[in-house]
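[1] coords below, sequence missing:
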């Protein structure tokens, strides 16, 4: 951030009165420009014994497999965003969604949320951001080609939880390995 | 948003290529300025049979009682943010935190998350954004002076869940009554 989005003049970093951390503040109109974490919402679509994965058509991690997910938009709920992304990336028709996994990624200012969902039918197909969409049995998951650690963690936990048939909502901090590798 | 934070020129609303919704886009450098929901994190501090509430020293809802909560900052986890806000508003020392409640407030582009937590000691006090901090038995909760519906809902559900001693993570859309009243 270099300029004030309200008046177009330059911003500088300073600690506003009554606060305790550096913010971008306009040098002309004094507007404080807060920057906050962004939410990524997605689903774990389940069909019988199988789960749905998408092969990414875009960077980062183009060609790798992922769960459908993307940035939550203004004006929608976390579930609406998760269902929207699942449609955009996999043309997946879902039902019976339940919050399943929350990941904090403070290094990149993101919070991930995955809903477990039933895939309602087999009419899925690759959306514009996917090269391919397919169902996988646990034994066939391409673990070496999973796009992000949060996806691998969610899948591993799901297969473990499935043995008991109980799916507690889990929260954890995750070291974003792929981000560290890139930086 | 009127000006580009990258180059200082004007922005206009248009649908970028490959997208499906209006964004602020710079008329000079073409930077797309995404706007996303913000996360509010807080806690429900529990001490024996009692819960801790803060009386707000600031608008909105100045003078009303609330759970400690505030905007999540970059570089922290949801739990770190919730604990930080509990310290800032109530000087509360917490432990044994568990995610308890997620509220979607799409009308104001917010997602609320509350962690249940044990209040570790009685060394709490009002921070700069609170007029008062106090422990309440269920029978003494000032229901008519609760600042926000998400706080009242979380408290009601907690007292209900406490009867069973089981605290499932709940997600729901909530009609933001206080916001409708104001607009």
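    Great, that's in hand. Keep in mind the model is a prediction, meaning the values are calculated, not measured.

[2] ok, the longest strand that chain A contains near chain B or not?
    Ranked by residue count and defined by DSSP state E, the top strand of chain A is strand A:94-105. Yes - Strand A:94-105 reaches chain B (Cβ under 8 Å from any Cβ of the partner chain) through A:99, A:102, A:104. All C-beta atoms are positioned from the backbone trio N, CA, C, and that covers glycine.

[3] So for chain A, the centremost residue is which one?
    The centroid of chain A falls nearest to residue A:40 when counting by Cα atoms, centre = their mean (3.3 Å).

[4] returning to that earlier point: show me which of the residues of strand A:94-105 next to chain B is closest to residue A:17.
    Taking Cβ to Cβ as the measure, residue A:17 sits nearest to residue A:104 out of those, at 29.7 Å.

[5] How confident is the prediction for the residue nearest to the closest one when sequence neighbours are not counted, by pLDDT?
    Leaving aside its sequence neighbours, residue A:104 sits nearest to residue B:77 (Cβ to Cβ, 6 or more residues apart in numbering or on different chains; 3.6 Å). With respect to pLDDT, residue B:77 scores 95.

[6] For residue A:30, pull up the helix or strand it's in.
    Using DSSP states H and E, residue A:30 is not contained in any helix or strand.

[7] any idea how far it is from residue A:14?
    Counting by Cβ to Cβ, to the nearest Å, the separation of residue A:30 from residue A:14 is 10 Å.

[8] Can you work out which residues contact both of the two?
    Common neighbours of residue A:30 and residue A:14, counting by Cβ atoms under 8 Å, 6 or more residues apart in numbering or on different chains, are absent.

[9] element containing the closest residue to residue A:90 other than its chain neighbours?
    Spatial nearest neighbour of residue A:90, chain neighbours left out: residue A:133 (4.5 Å); criterion: Cβ to Cβ, 6+ apart. Assignment of secondary structure by DSSP H and E places residue A:133 within strand A:130-136.

[10] what helix or strand does the residue of chain A positioned farthest from its centre sit in?
    Centroid-distance maximum for chain A: residue A:28 at 36.7 Å, with Cα atoms, centre = their mean. Using DSSP H and E, residue A:28 sits in no helix or strand.

[11] What is the burial count for the spatially closest residue to it that is not a sequence neighbour?
    For residue A:28, ignoring the flanking residues on the chain, the nearest one in space by Cβ to Cβ, 6+ apart is residue A:9 at 3.6 Å. Residues within reach of residue A:9, counting by other Cβ atoms under 10 Å in any protein chain shown, total 14.

[12] cool, and residue A:29?
    Count around residue A:29 with other Cβ under 10 Å applied: 11.

[13] and the angle from the longest helix along chain A to strand A:130-136?
    Longest helix in chain A by number of residues (criterion: DSSP state H): helix A:149-164. Relative orientation of helix A:149-164 versus strand A:130-136 (axes from the mean of the first three to the mean of the last three Cα atoms, to 10 degrees): 20 degrees.

[14] Show which residues not belonging to the next helix or strand after helix A:149-164 make contact with it.
    Counting by DSSP H and E, the next helix or strand C-terminal to helix A:149-164 is strand A:170-173. Residues outside strand A:170-173 that contact it (Cβ under 8 Å, 6+ apart) are A:100-104, A:106, A:153, A:157, B:77-79, B:99.

[15] same thing with stretch A:44-59?
    Taking Cβ under 8 Å, 6+ apart as the rule, stretch A:44-59 contacts A:62-68, A:86, A:89-90, A:92, A:94, A:100-101, A:114-119, A:122, A:124, A:126, A:128-138, A:141, A:147, A:154-155, A:158.

[16] starting at the chain centroid, how far to that stretch?
    How far stretch A:44-59 lies from its chain's middle: 14 Å, per Cα atoms, centre = their mean, to the nearest Å.

[17] can you tell me the distance between the two ends of it?
    In stretch A:44-59, first residue to last residue: 21 Å (Cα to Cα, to the nearest Å).
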